[in-house]
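Novice: build the 3D model from these lines:
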Amino acid sequence: VSGGEDEIQQLQKALLDYLEENTETDASLVFSRKFYIAQWFRDTTMETEKAIKSQKDEDSSEGTHHAKDVETTGQIMHRAESRKMFLRSIIKTAPYQFSTLKMNSDTVDYEDACLIVRYLASMRPFAQSFDIYLTQ
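Specialist: Numbering: from 1, shown residues only. Just a heads-up that it's a prediction; the model follows:
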C-alpha cells in the first residue's frame with residue numbers, strides 16, 4: 001500500500017466488509033464497525049478543520065498567496081467531502097447489499113484484518129507522534 005487516499009479507503013472498506021461478514025459469530029463486531037465508521041468520519045472533519053485553520057494562519061501572516069490558498073482550501077474541502085460521501089455510502093448500504101459490493105473481502109481473514117487495523121491505527125496522529133511523547 002502506497003498510502004494514497006484510494007488505498008486507505010480500500011483498506012477501510014475491506015475491514016468493514018470483514019466485520020460485516022463476521023457479525024453473526026461475534027455480536028460485538030457490529031459495535032466495532034459502527035465505531036470505525038464514526039471515528040473515520042470524525043477524523044475527516046478534524047483534519048479538515050485543522051488544515052483550514054493552518055491555512056488561515058498562513059494567510060494572515062503572509063497574505064501574498066491568497067489565491068493559491070483559496071484553491072488549496074477548495075481541494076481540502078473536496079477531498080473531505082469525497083471521504084464523507086464514501087463513509088455515508090457505507091452507512092446507507094443495507095446489510096443484504098454487502099454481498100454485491102464486496103471488493104475481495106473473501107481474501108481478508110482475521111490476520112489480514114489485524115494487519116489492516118494496525119496500519120490504519122499507525123496513520124492516526126497519536127501513533128505518529130508517540131515517539132515524541134516518549135522522548136519528552
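
Novice: ok, D43 to T23 distance?
Specialist: 23 Å (Cβ to Cβ, to the nearest Å). Placement of C-beta: from N, CA and C, glycine included.

Novice: now K92
Specialist: As it turns out, when the distance is counted by Cβ to Cβ, K92 lies 18 Å from T23.

Novice: which ones are touching the residue nearest the centre of the chain?
Specialist: Closest residue to the average C-alpha location of the chain: W40 at 4.4 Å, with Cα atoms, centre = their mean. When contacts are counted by Cβ atoms under 8 Å, 6 or more residues apart in numbering, W40 touches 12, 83, 87.

Novice: just the closest of these to S122, please.
Specialist: When those are compared for distance to S122, the smallest value, 13.9 Å, is given by Q12; criterion: Cβ to Cβ.

Novice: my guess is the closest one contacts Y119, does it?
Specialist: No. In terms of Cβ atoms under 8 Å, Q12 does not count as a neighbour of Y119; the distance is 10.5 Å.

Novice: pull the longest helix from this protein.
Specialist: In the chain, with assignment by DSSP state H, the single longest helix is helix 28-61.

Novice: got phi/psi on D26?
Specialist: Its backbone dihedrals place D26 at phi -140, psi 110, with angles given as degrees, to the nearest 10.
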